[in-house]
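K.L.:
the following comprises the amino acid sequence and a computationally predicted model.
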Amino acid sequence: MTEFDSFGRGRRVEADVTRIPPAAAELYLAAQFEEAKLFAVADMIADQFMSGSLAIGSHGQGPATEKLYAWLKSRSMRMAEPERRSHYLRAFGFAGGKSSPPTIENSDFVACWTRFVTAASQAQPISTPGHELARNLAQHVTRPSSSAALELTQTIKAMLELFGQAEIQAAYGGQDSWTLVEQVAKRFLGGAVDLVRARTLASTGSNIVRWLASHLAELDSQRLQLGELRAWCEGWLAAAAASSPARPADWRPKLPRV
């Protein structure tokens, strides 16, 4: 593109070619599933089934038992929690537990994120904070993290299918996938996370990341429609401000509906 000085002289400059990796939103989502204990809940249900303390199915048959056997069989091939957390730490600065191997933390993400969602929620100019957030994500959501996000997307799909089994839900007194997670976490994993808050943070947060990735080249346009983005940012900020004793106060983001 051409940039002009005060005398009208033009010079050729390189356009900003920053791109947010498509996997950023999916990795962000996985991080929130982690904090809501969904991975841990799935493993706990499978372990109790394996030990015989979860009696479901007729003679070891049925869709619920098939999902459980599939989850158990794939355990050795799935990414373990410390490795998952290393990707969250590198991409977003989210620790929340031990990560492995030692990872460089994205210590600027929360500040960049807060500036962007605050500006968008208050109808302020979003070009500068938007490009700042995009550069941060482009720098820290690396190729290994993008590959991890693809793997985690498949793991999450299998996990939600497991939670969706009515027989498993009934065994723990759950009425749906979310009350199942709540019951298992409360009884066996030291307490449940505020899932209403978590779902709000997740759905709005992942939508914000996808919106920014799709509209990055248009942030300076006066014709850009911001109503949807503003609603998501307002929702995210309201949920983030809500108290949640099950979550550290400095944890920021985020889970979608099943």
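P.N.:
Everything's here; your move.
K.L.:
how about low-confidence regions in the stretch 151-258 of the chain?
P.N.:
243-258 (pLDDT under 70).
K.L.:
that one: strands as residue ranges?
P.N.:
For the stretch 151-258 of the chain, no strands turn up when DSSP state E, counting those that start in this stretch is the criterion.
K.L.:
same question for the stretch 1-150 of the chain.
P.N.:
2-4, 10-12.
K.L.:
rank the ones you listed by mean pLDDT and give me the bottom one.
P.N.:
The stretch with the lowest mean pLDDT among the strands of the stretch 1-150 of the chain is strand 2-4, at a mean of 38.
K.L.:
how far does stretch 107-124 sit from its chain's centre?
P.N.:
17 Å (C-alpha atoms, centre = their mean, to the nearest Å).
K.L.:
may I have it exported as PDB, CA atoms only?
P.N.:
In PDB, the C-alpha atoms belonging to stretch 107-124 read as follows (Å, rounded to 0.1, in the frame of the first residue of the first chain):
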ATOM      1  CA  SER A 107       2.300 -12.900  29.700                       C
ATOM      2  CA  ASP A 108       0.700 -10.100  27.500                       C
ATOM      3  CA  PHE A 109      -2.400 -11.900  26.400                       C
ATOM      4  CA  VAL A 110      -4.800 -10.900  29.300                       C
ATOM      5  CA  ALA A 111      -3.800  -7.200  28.900                       C
ATOM      6  CA  CYS A 112      -4.300  -7.300  25.100                       C
ATOM      7  CA  TRP A 113      -7.600  -9.100  25.400                       C
ATOM      8  CA  THR A 114      -9.000  -6.800  28.100                       C
ATOM      9  CA  ARG A 115      -8.100  -3.700  26.000                       C
ATOM     10  CA  PHE A 116      -9.900  -5.100  23.000                       C
ATOM     11  CA  VAL A 117     -13.100  -6.400  24.600                       C
ATOM     12  CA  THR A 118     -13.400  -3.200  26.700                       C
ATOM     13  CA  ALA A 119     -13.000  -1.000  23.700                       C
ATOM     14  CA  ALA A 120     -15.600  -3.000  21.700                       C
ATOM     15  CA  SER A 121     -18.100  -3.100  24.600                       C
ATOM     16  CA  GLN A 122     -17.900   0.700  25.000                       C
ATOM     17  CA  ALA A 123     -18.100   1.500  21.300                       C
ATOM     18  CA  GLN A 124     -14.600   2.900  21.200                       C
END
